[in-house]
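S.K.: Got a sequence here, can you model it:
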Amino acid sequence: MQRKFLTNLGFLLFLNLLIKPFWIFGIDRTVQNVVGAEDFGFYFTILNFSFLFNILLDFGITNFNNRNIAQNTHLLNKHFSGILAMKFMLAVVYFVVTFSIGLIWGFRGTGLWMLALLGLNQFLISFILYLRSNVSALLFFKTDSVLSVLDRILMIIFCSILLWGNISSQPMRIEWFVYAQTLSYIITALVALLVVIRKASFTRLNWNVPFFVMIIKQSLPFAVLVLLMTFYNRFDSVLLQKLIPGEEGKIQVGVYAHGYRLLDAANNIAYLVSVLLLPLFARQLKSGMKVENLARLSFTLLFVLSVIVSAGSWYYSYPIMDLLYDHYISNSATVFGVLMGCFIGYSTTYVFGTLLTANGSLKYLNLVAAGGMLLNVGLNLILIPWYGALGAAWASLVTQLLMAASQVILAVILFRFRFNPRYLITLLAFVAGVILISRITSGLSMHWIKSFTLMLGVSFILALFLGLFNIRHFFKLVASRQD
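M.R.: Numbers count the residues shown, from 1 in each chain. This is a model prediction of the structure:
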């Protein structure tokens, strides 16, 4: 399983690192600069609002399906047509709830139109993720890897035409950006649907009410977990504009979006790891195999990456923001430096939260997530009126780190992982070393990109020196034919 994880992770990361950096730095960043912080902040607020009730589109079905099909592959043919019908039914519920609460929240005119478009995009994303959950559950990871970047490839093409194709005398508008997303998601959804139809004996939609009830009952704990996590991950920007009204609120959301964009990009890497881990953990647990080795391997990889990225982002926050954006550089840099610390929490959650999900420990996860939601909302209500976007960033950092620590403790208790003081001391030494390296290199009298590259290189060498990466074991594992 470790070999399967590493080889497919390598292919997945290769595709994503090939495509997504150009999307983030070439397209998404350019759109933010062209439309301005206020308009992008307006879009970002509605985008996160559309996320809040995203669970109604899925109801935990994707996570349940990934775990269930990974352990019982023969159920794909039986479940696919019924779940497909359910997805369309849930889409109606999602739009009714989202529009109703959007009206109560105060969205009107352009805001409602944008909410409709982004709501449609949420449905398409949810649909794609469900289709991909079947592909990954069958362990067709290379196919899933291609599907994971297809929407971004299409968006790069469409947005490049809109930005630089001289098809209009007007500058890029945020609405065009959303239209390009919608078209890309539609094409990707159709391709993914064709892939899954080839694997499942699908002939027509199956409107089976008892089946719907059964699936909802089994996926309800997953749904509650996703809802709670969505609120403490996405509610901050919505609260920002509500607690700071007028143009200043839009600017604060825009500043927060500047800092959050790279965090979101980094999280995509950790999320991709969790997509591989869920079916692998599920298979191991069903077979009675120990999961400790795979959990430790995946956590170590993500921990090393997240610590280096977080420390580098803190010490190089201003030049990075200055390189990317044209407005509100100083404020964005401060927010960015704090927000990137969340990457450590996210990465840890994507390993141990995924393990607990595969184990079906949803009761404990939901209790932890409920505490995280209450903590995050409370901190935001206190900090945002005083510190704006920076207050929201600190609220996110505290919440993510505490949630990650809670899930690690849960996993250690439930799976009776061995306490390894040497491993823990090594991790702490690595954190201290990376902070020291980042501080020293950021003060060197050379161009910041050179010193930043030096920091990355020395930090990875430190990881090798401390034994967090074992190159010989890695190549031996990849070369092995055993799973």
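
S.K.: Would you state the helices of the stretch 201-350 of the chain in chain order?
M.R.: Here the stretch 201-350 of the chain has its helices, by DSSP state H, counting those that start in this stretch, at 209-243, 246-287, 292-315, 317-324, 329-339, 342-358.

S.K.: if we compare those, which one ends up closest to Ala369?
M.R.: Among the helices of the stretch 201-350 of the chain, helix 209-243 comes nearest to Ala369, with 3.7 Å by CB to CB. From N, CA and C alone the C-beta is placed, and that goes for glycine too.

S.K.: helices or strands next to that closest one in the packing?
M.R.: helix 37-52, helix 55-58, helix 61-71, helix 75-105, helix 246-287, helix 362-387, helix 389-415 (3 or more CB pairs under 8 Å, 6 or more residues apart in numbering; DSSP states H and E).

S.K.: mean confidence for that helix?
M.R.: What helix 209-243 shows for mean pLDDT is 78.

S.K.: likewise stretch 181-191?
M.R.: The model assigns stretch 181-191 a mean pLDDT of 94.

S.K.: ditto for stretch 38-48
M.R.: 85.

S.K.: Mind listing residues that contact that stretch?
M.R.: The contact list for stretch 38-48 (CB atoms under 8 Å, 6 or more residues apart in numbering) reads 31-32, 35, 107, 111, 114-115, 118, 174, 177-178, 234-238, 240-241, 247, 249-257, 260.

S.K.: From the structure, what's the count of residues near the closest residue to Asn331 other than its chain neighbours?
M.R.: Leaving aside its sequence neighbours, Asn331 sits nearest to Val255 (CB to CB, 6 or more residues apart in numbering; 4.9 Å). Residues within reach of Val255, counting by other CB atoms under 10 Å, total 30.

S.K.: ok, Val255 to Asn380 distance?
M.R.: For Val255, the distance to Asn380 equals 15 Å [CB to CB, to the nearest Å].

S.K.: if we can go back for a sec, identify whichever of the helices and strands packed on helix 209-243 lies nearest to Ile161.
M.R.: Nearest of the helices and strands packed on helix 209-243 (CB to CB): helix 37-52, 19.7 Å.

S.K.: name the element the residue lying closest to Phe22 once chain neighbours are set aside belongs to?
M.R.: Leaving out its chain neighbours, the residue that sits closest to Phe22 by CB to CB, 6+ apart is Ile156, at 6.3 Å. Ile156 belongs to helix 141-164 when elements are defined using DSSP states H and E.

S.K.: Let me see the mean pLDDT of that helix.
M.R.: 87.

S.K.: The residue nearest to Phe22 is in contact with Phe25, isn't it?
M.R.: No: with contact defined as CB atoms under 8 Å, Ile156 and Phe25 do not form a contacting pair (11.3 Å).

S.K.: quick one: contacts for the residue nearest to Phe22?
M.R.: Ile156 sits next to 19, 22-23, 26-27 when contact means CB under 8 Å, 6+ apart.

S.K.: out of those, who's nearest Gly82?
M.R.: The closest of those, once distances to Gly82 are taken by CB to CB, is Ile19, at 33.6 Å.

S.K.: Report pLDDT for that closest one.
M.R.: pLDDT at Ile19 comes out at 81.

S.K.: Equivalent analysis for Leu424, please.
M.R.: Looking at Leu424, its pLDDT stands at 92.

S.K.: For the closest residue to Tyr271 other than its chain neighbours, which residues are in contact?
M.R.: Nearest residue to Tyr271 in three dimensions, chain neighbours excluded: Tyr350, at 6.3 Å (CB to CB, 6+ apart). Going by CB under 8 Å, 6+ apart, Tyr350 touches 270-271, 273-274, 277, 302.

S.K.: Try it again at 7 Å.
M.R.: 270-271, 273-274, 302 (CB atoms under 7 Å, 6 or more residues apart in numbering).

S.K.: Just the buried ones among those residues, please.
M.R.: 270, 273-274, 302 (16 or more other CB atoms under 10 Å).

S.K.: Let's have those in CSV, adding pLDDT.
M.R.: Listed next are the buried ones among the contacts of Tyr350 as CSV, based on pLDDT from 0 to 100:
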residue, pLDDT
Ala270, 83
Val273, 79
Ser274, 80
Leu302, 92
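
S.K.: Looking at those, which one is closest to Phe80?
M.R.: The closest of the buried ones among the contacts of Tyr350 to Phe80 turns out to be Ser274 (CB to CB; 22.7 Å).

S.K.: what's the spacing between that closest one and Pro21?
M.R.: Ser274 sits 20 Å away from Pro21, going by CB to CB.

S.K.: what does Val196 give?
M.R.: Counting by CB to CB, the separation of Val196 from Pro21 is 29 Å.

S.K.: just Ile215 next, same as before
M.R.: Ile215 is 38 Å from Pro21, by CB to CB.

S.K.: just Asn293 next, same as before
M.R.: 31 Å.
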